[in-house]
Structures are given as C-alpha cells and as structure tokens.
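Student: predicted model follows, preceded by the sequence.
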Amino acid sequence: MSGTPILPLADWRPNATLETLRRRAAIVAGIRDFFAQREVLEVETPALSAATVTDPHLASLAVPAGPEGTLFLQTSPEFAMKRLLAAYGVPNYQIARAFRSDEAGRRHNLEFTLLEWYRPGFDHHRLMDEVEDLLRGLLGVGPAERVGYSVLFRRHVGLDPVEADEPSLAARAMTHGLSSTAAVAMDRDGCLDFLFSHVVQPALDPARPVFVYDFPASQAALARIRPDPVPVAERFEVFLAGMELANGYHELNDAEEQAARFVADLERRRCLGLPEPAPDGRLLAALRHGLPDCAGVALGVDRLVMAATGASHIREVMAFALDRA
C-alpha cells in the first residue's frame, strides 16, 4: 500500500452534522408527503443517458461506457421526465442526483440533488402557487413576493432591459465591477446576466421567497415565448436567503421550435469553443408525439436545506461534498 496517499485524519468524516442530516431527511420526507397528498407520481429516470443538454451555460460529464460508447451524466432529469409525460400524461416528480462539471463554489457542488416536477394543465403562474405552497410547508416562510424581471431591472439597474442597447448595458455593468476586457467579450445576454446577478439579486428580500417571472425572450431556454408587443419568456426563478432556489417554465411543447433552439445552442457553443453534443432525438420524438400543455420546475434540494438551516456553504448540508467524496 506504499502508493496510497495518506489523507489528513479529518478527511474521512462527514461534512454535515448529524443534526443537519436529520433536518435534511425531514425535508425530503416532507417533499414526498407533499406530492403524495396531491397525487403526483414519483418516478426515477436514468442518471446516465446517450444524450445531454445543448445549453451553452451547462457542462455535462461524459462517461466512457464500453460497447455503449460515451454516455452523459445528466445535468437534470428534465428530458426523460418530459418523455414520461408525453407517454402517460400524468403529473410526475423526482428527487434526482444531477451533475454539472463546471459548477463549484459556495452554492455549487459537481454532484447535487434536484427536485423536479411537471404539471399538465398548469402555466408558470399556477406552478408558482404550488412552489410557494411547498416552501411554506417545508420552511414556514411567509407570503412570497412576485415581480416581473423588467420591473426589477428598471428599479435596481436604472435601465429597461428591452430598450437599452448593448453599449449602455456594458457601461452600466462596468460601473458595477465588470472589467472592460470582459465587457468587450460579453454579448447582450451576458451583460443582462451580470447585472441581474450583481445588482438585482442582492437587492431582493432574503427573508421571504421572491418569484421573478417573465424573462427576456432571448433567455427562454426550454420555456414558451409569449408574443406580447414585447415578447417574454414564460419562466420564473425563485430566490430565498440570497440565493436562487428554483427555475420554472411554462414548457415549450413545439418540436420544431425545440429543434431550432437546439441548433441555435450548438451554434453558440461552436462560437465559444465548447463541445457540441448531438440534440436529444428521443425528446424531439416525444414532443412530436405530443407533450401536454404543462409547466415544470427544478428546485435545488441542497440549497433548500441551506435556507432551512442557515448554512453558508453547500458542503455543510451534504453528508460528503466533493472535497470528501
């Protein structure tokens, strides 16, 4: 065993305290009870899949799999759960392990736990009601605030996110700490993201859930775009205790539009020098078969436990975070 590295004695011990693990277990049990009462089916889908996301903001982990070729650890169970919904039409939820290779830090771990669920017949506003019910039941938080993305942007940044041109957004981002080099390399959505995360998000009330909804159409991801005079993406994000907890969509169910978005994602990846995974053909086939009008949301369980316990780092709510895995 001479080649085995000797680790510090403390490295074998769990990251989380026993009290925190008990609180985490109670929260997970509460999630299952919440959905059992509402007759939402618990499902399990593969952590490994032949396809993965094309979103340029997400990085998948590729796993050599012998005769199967390369498989991918899933960044979320979304695609498989939508296939179940297209096949059976019943609401479903999952408490799943998810993996994102480029995420690390105080609120990120390469491997983490997602609660994801899909509700046929819901739009994003009705799903916000259900997310709020869940948070109230699990955390005892007060009534949530709901506010449009553009309203918040004008209030805290002092610019209209639709009307402001890219140079104005870049200039305002530089006044809030973005370097001139980064500003030159950043596109419009990059500037919007920087200003939202560095100016808007810190201004949100940390003591209660804040639902931010109707994002710019350019940030639709897998959400529908509502063709208002100023089109908006029918999606929302939920913030509590200074961090994003959940991301929800009135789900896109048009297969051809989804295929076009995959192509646009891959073009963006090519420009950024990122890997270009093949679009998920099984998801597109499920959409062509027919995905019901539905809304879905992914909620970070680890961050939920952080909010419940007041933890300052995600490793404090995990039995073994990446540093001790």
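Tutor: Arrived safely.

Student: run through the strands of the chain in chain order.
Tutor: Assigned by DSSP state E, the chain shows strands spanning 41-42, 48-49, 61-64, 70-73, 92-99, 111-120, 145-148, 210-216, 225-226, 232-240, 243-250, 294-300.

Student: now for those strands, which one comes closest to Glu256?
Tutor: strand 225-226 (13.9 Å; CB to CB). Every residue, glycine included, has its C-beta placed from N, CA and C.

Student: and Lys82, how many residues sit next to it?
Tutor: Residues lying near Lys82 (other CB atoms under 10 Å) number 26.

Student: so where is this protein shaky, pLDDT-wise?
Tutor: Residues of the chain that meet the criterion pLDDT under 70 lie in 1-10, 103.

Student: out of the strands of the chain, nearest to Met174?
Tutor: strand 210-216 (20.4 Å).

Student: who touches the closest one?
Tutor: Residues outside strand 210-216 that contact it (CB atoms under 8 Å, 6 or more residues apart in numbering) are 124-125, 128, 131-132, 144-150, 152, 161-162, 189, 192, 204, 223, 226, 232-240.

Student: got a quick ChimeraX command for the buried subset of those residues?
Tutor: Restricted to buried positions by 16 or more other CB atoms under 10 Å, the ChimeraX selection for the contacts of strand 210-216 reads:
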select :124,128,131,132,144,146,149,150,152,161,192,204,223,226,232,233,234,235,236,237,238,239,240
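
Student: hang on, the earlier thing: distance to Asp55 added to the strands of the chain, as CSV?
Tutor: Shown next, in CSV, are the strands of the chain (distance: least, CB to CB, whole Å):
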stretch, distance to Asp55
strand 41-42, 26
strand 48-49, 15
strand 61-64, 15
strand 70-73, 13
strand 92-99, 13
strand 111-120, 15
strand 145-148, 23
strand 210-216, 14
strand 225-226, 16
strand 232-240, 13
strand 243-250, 12
strand 294-300, 13
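
Student: who wins for proximity to Ser312 among these?
Tutor: strand 243-250 (10.5 Å).

Student: centre of the chain to stretch 284-291, how far?
Tutor: 23 Å (CA atoms, centre = their mean, to the nearest Å).

Student: same check on stretch 257-264?
Tutor: Chain-centre distance of stretch 257-264: 19 Å, with CA atoms, centre = their mean.
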